[in-house]
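Here you go, sequence then predicted model.
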Amino acid sequence: MVDTLIVWLDAYTGATPVIDPFTIERFFTSGTVTVTGYNIIVDIDTSPSSSDVFLLTAHYDAIGSRSAGWWDEWETAVAPGANDNASGVAAVIEAAGILSKLELPFDIRVILFSGEELNKLGSHDYVEEKCDDDCAGRILGVINLDMLGYSGEGSGVTVMSDEYSGWMAYLALEAAEELAPELPSRLIKPGPWNWDHASFWVATGVQISAITLSEPLAETGSIIYPYYHTVRDTLGYVDLGQVIGITEIITGLVAGFADSPTELTIYDTDIVYYVDGVEKAFKRFEEGETIEAVIKVRNTGGQDYPGEKVFLTVVHEFSSGTKTLFSGLVDIPDVLRTTDISLILDERNVSPGGNILRAKISGTPTGDDPGNDSAVSLFTVEGELGGLLNHYFMPNPIDREFNRAMFCIDLASEADLKIEIYTLEGILLSTGVLGDSYGIGLDPGYSCHSCGELFRDIDELASGVYVYRIVVFPRDGIQSDHRGRFAIVK
């Protein structure tokens, strides 16, 4: 198998593959078995000047462990692996062959991993043992392909990502919509951790962006294909049209960087939060914590713009007002790199409840798409004392059917709420409830709720002014009452 893959890679890319061995130990009742696994690596020189690399990866090992008795004869037993993962290997080789003919702003490195079915041993060995910080620092991104061919419940493509790799997931989804519109796409973020992309997510030293493209999966990321890891994983269950479509997506995505202009972007995932140096993906903080917000201005185009700058503005919105945290020029980054601005958010400029950061770039190079020049990020600060910081109907006045309006709140901490609507004469019209005690999840921070779901016994309201009362039952604190008004205009 290894020799065959080497011949194909050489023939398709014109570059010489290298075999990278690593040790595998398996423990059986009869004793420990030690074998050698082989990753296959080929570097393709597609850039005349850059030392940066973009990785295309797939695993070529297969396993039949879900077939009865397979482990008893694992050294000689059949494991066809047509979908898991000959489909991904074929796509990587095909894409590499096409990309090898292009001039790109980076080089291409293809890695075919072994040992994926034994807890990602091949990719783990490469990331942790063979790729030091200098190697990792030159990796612009990783696209992994795994199980592309099953479409038994409808064709499509799944993109799996973590928060740090969200920018690349967005590019993949855009490419899927443009290049293979017949394949509905789904993003799973955070994705599962038992695929080769996860070895790059947990790399020590330098963070590495990595995503996996796969066939349709369940919403949780679990596999739908009934014959994975069995002796029935044969070519008859592989939808070659779907494999071709996903191959076109990743090939077109990477090829799009050839001769493309500088393109500056800020995605929502390019606003990242840290506390004590640890990334906080869930964006919930305790009052008094010092939060570091890092805003990343990214170049998703195919050309550097050396020495030039762009204007960045970062605004913080909170319950009591708005504050500009940064306004100034920052460097335009190189291809697929970022310029990072670090801002410290402490008790002087955050408040309990919902907080919003808005980042926007302007003065971008000619041809830049303004549609991706701004980002919005919501984070929550939980106060020690419960409290309702803000409340309102949206819109107000309500100029549509009442059940299509929203009721919005901003909470400092976990609480249950009872909301009562009255006429001006004091007649109670409806009562709605929110909170875990009522079986309706309610987290601190901003949230909006459908009036149709919250006030089920109101079919319609006549034009006029109404009052509402909110009773707050904090987990730790004193019950409080709040009042407000809204209008209905027909």
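Alright, I've got the coordinates.

From now on I want contacts and neighbour counts done on CA atoms only, so please keep to that.
Fine.

ends of stretch 232-245, how far apart?
This stretch, stretch 232-245, spans 24 Å end to end (C-alpha to C-alpha, to the nearest Å).

same thing with stretch 103-116?
31 Å.

in the stretch 251-400 of the chain, which ranges drop under the pLDDT threshold?
347, 384-386 (pLDDT under 70).

I misspoke; the intended subject was the stretch 1-150 of the chain.
26-31, 33.

Show me what the strand or helix carrying Val472 pairs with in its sheet, parallel or antiparallel.
Using DSSP states H and E, Val472 sits within strand 464-474. Strand 464-474 has the following sheet partners, assigned by DSSP bridges: strand 415-422 (antiparallel), strand 480-488 (antiparallel).

do you know which of those strands lies nearest Asp45?
strand 415-422 (58.6 Å; C-alpha to C-alpha).

can you list the residues that contact the helix or strand just after that closest one?
Later in the chain than strand 415-422, the nearest helix or strand by DSSP H and E is strand 428-434. Strand 428-434 is contacted by residues 416-423, 440-442, 454-458 when judged by C-alpha atoms under 8 Å, 6 or more residues apart in numbering.

What residues sit buried inside stretch 449-465?
Under the neighbour-count criterion of 16 or more other C-alpha atoms under 10 Å, stretch 449-465 has 450-452, 454-455 buried.

again with stretch 330-346
For stretch 330-346, the neighbour count (16+ other C-alpha under 10 Å) marks 330-338, 340, 345 as buried.

do stretch 228-237 as well
Counting neighbours by 16+ other C-alpha under 10 Å, the buried set in stretch 228-237 is 228-234, 237.

what's the answer for stretch 273-280, then?
273-274, 279.

that older thread, and which of the contacts of strand 428-434 is nearest to Ala11?
In terms of C-alpha to C-alpha, no member of these lies closer to Ala11 than Gly441, at 57.0 Å.

Which other helices and strands does the longest helix anywhere in the chain contact?
Taking DSSP state H as the criterion, the chain has its longest helix at helix 240-255. Applying 3 or more C-alpha pairs under 8 Å, 6 or more residues apart in numbering; DSSP states H and E, we find helix 240-255 packed against helix 87-99, helix 166-179.

Need the winner for burial among the ones you listed.
Across those, averaging neighbours per residue (mean count of other C-alpha atoms under 10 Å) puts helix 87-99 on top, at a mean of 23.

tell me the angle of that one relative to helix 240-255?
Interaxial angle, helix 87-99 versus helix 240-255 (axes from the mean of the first three to the mean of the last three C-alpha atoms, to 10 degrees): 40 degrees.

got the phi/psi numbers for Asp146?
phi -150, psi 120 (degrees, to the nearest 10).

With adjacent residues omitted, what lies nearest to it?
Closest residue to Asp146 apart from its sequence neighbours, by C-alpha to C-alpha, 6 or more residues apart in numbering: Gly88 at 4.9 Å.

I figured the one you found was touching Tyr150, is that so?
No: when contacts are counted by C-alpha atoms under 8 Å, Gly88 is not listed as touching Tyr150 (11.8 Å).

residues in contact with Asn85?
Asn85 sits in contact with 58-62, 146-148, where contact means C-alpha under 8 Å, 6+ apart.

nearest to Ile356, of the helices and strands packed on helix 240-255?
helix 166-179 (19.2 Å).

which is the next helix or strand following that closest one?
Moving toward the C-terminus from helix 166-179, the next helix or strand (DSSP H and E) is strand 185-188.

ok, residues contacting that following strand?
In contact with strand 185-188 (C-alpha under 8 Å, 6+ apart) are residues 156-161, 169, 173, 176-177, 216, 219-221.

one more time with 6 Å
Residues outside strand 185-188 that contact it (C-alpha atoms under 6 Å, 6 or more residues apart in numbering) are 156-160.

try stretch 253-271
104, 166, 175, 294-303, 368, 372-376.

do stretch 215-230 as well
Applying C-alpha under 6 Å, 6+ apart, the set of residues contacting stretch 215-230 is 63-67, 148, 156-158, 233.

same thing but at 7 Å, please
For stretch 215-230, the external contacting residues (C-alpha atoms under 7 Å, 6 or more residues apart in numbering) are 63-67, 79, 84, 147-151, 155-158, 188, 191-192, 233.

Narrow these to just the buried residues.
Counted by 16+ other C-alpha under 10 Å, those give 63-65, 79, 84, 147-151, 155-158, 188, 191-192, 233 as buried.

Filter those residues down to just the ones in strands.
The strands, defined by DSSP state E, take in 157-158, 188 from those.

pLDDT and distance to Leu357 added to those residues, as JSON lines?
JSON lines is the format used below for these (pLDDT from 0 to 100; distance: C-alpha to C-alpha, whole Å):
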{"residue": "Val157", "pLDDT": "98", "distance to Leu357": "32"}
{"residue": "Thr158", "pLDDT": "97", "distance to Leu357": "29"}
{"residue": "Ile188", "pLDDT": "94", "distance to Leu357": "24"}
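
How about Leu343: which residues does it bridge to?
Going by DSSP bridges, Leu343 forms beta bridges with Ala293.

which residues sit in contact with it?
Counting by C-alpha under 7 Å, 6+ apart, Leu343 has contacts 292-294.

try 8 Å
292-294, 325.

now Ile108
43-46, 53-56, 96, 100 are the contacts of Ile108 under C-alpha under 8 Å, 6+ apart.

is it possible to export the contacts of strand 185-188 to TSV including distance to Tyr126?
Below are the contacts of strand 185-188 laid out as TSV (distance: C-alpha to C-alpha, whole Å):
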residue	distance to Tyr126
Gly156	30
Val157	27
Thr158	25
Val159	23
Met160	21
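
Please identify which of those is nearest to Ser114.
The nearest member of those to Ser114, counting by C-alpha to C-alpha, is Met160 at 20.4 Å.

Bridge partners for the closest one, pull those for me.
Beta-bridge partners for Met160, by DSSP bridges, are Ile188, Thr212.

isn't it right up against Tyr170?
No: checked against C-alpha under 8 Å, the pair Met160 and Tyr170 is beyond contact range at 10.7 Å.

returning to what we had before: farthest-separated two in the buried residues of stretch 330-346?
Greatest spatial distance among the buried residues of stretch 330-346 (C-alpha to C-alpha): Val335 and Leu345, at 29.5 Å.

tell me the two of the contacts of strand 185-188 that are most distant?
Maximum distance among those (C-alpha to C-alpha): 13.3 Å, for Gly156 and Met160.

before we move on, the earlier item: ok, the residue nearest to Asp146 - contacts?
58-59, 145-148.

Show me the helices in the protein, by range?
Counting by DSSP H, the helices of the chain are 2-13, 87-99, 121-125, 133-137, 166-179, 197-201, 240-255, 451-454.

Format these as JSON lines; extra columns: distance to Thr269.
Compiled in JSON lines, the helices of the chain are given as follows (distance: least, C-alpha to C-alpha, whole Å):
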{"stretch": "helix 2-13", "distance to Thr269": "34"}
{"stretch": "helix 87-99", "distance to Thr269": "27"}
{"stretch": "helix 121-125", "distance to Thr269": "25"}
{"stretch": "helix 133-137", "distance to Thr269": "20"}
{"stretch": "helix 166-179", "distance to Thr269": "6"}
{"stretch": "helix 197-201", "distance to Thr269": "15"}
{"stretch": "helix 240-255", "distance to Thr269": "20"}
{"stretch": "helix 451-454", "distance to Thr269": "30"}
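
Out of those, which gets nearest to Pro397?
Nearest of the helices of the chain (C-alpha to C-alpha): helix 451-454, 13.8 Å.
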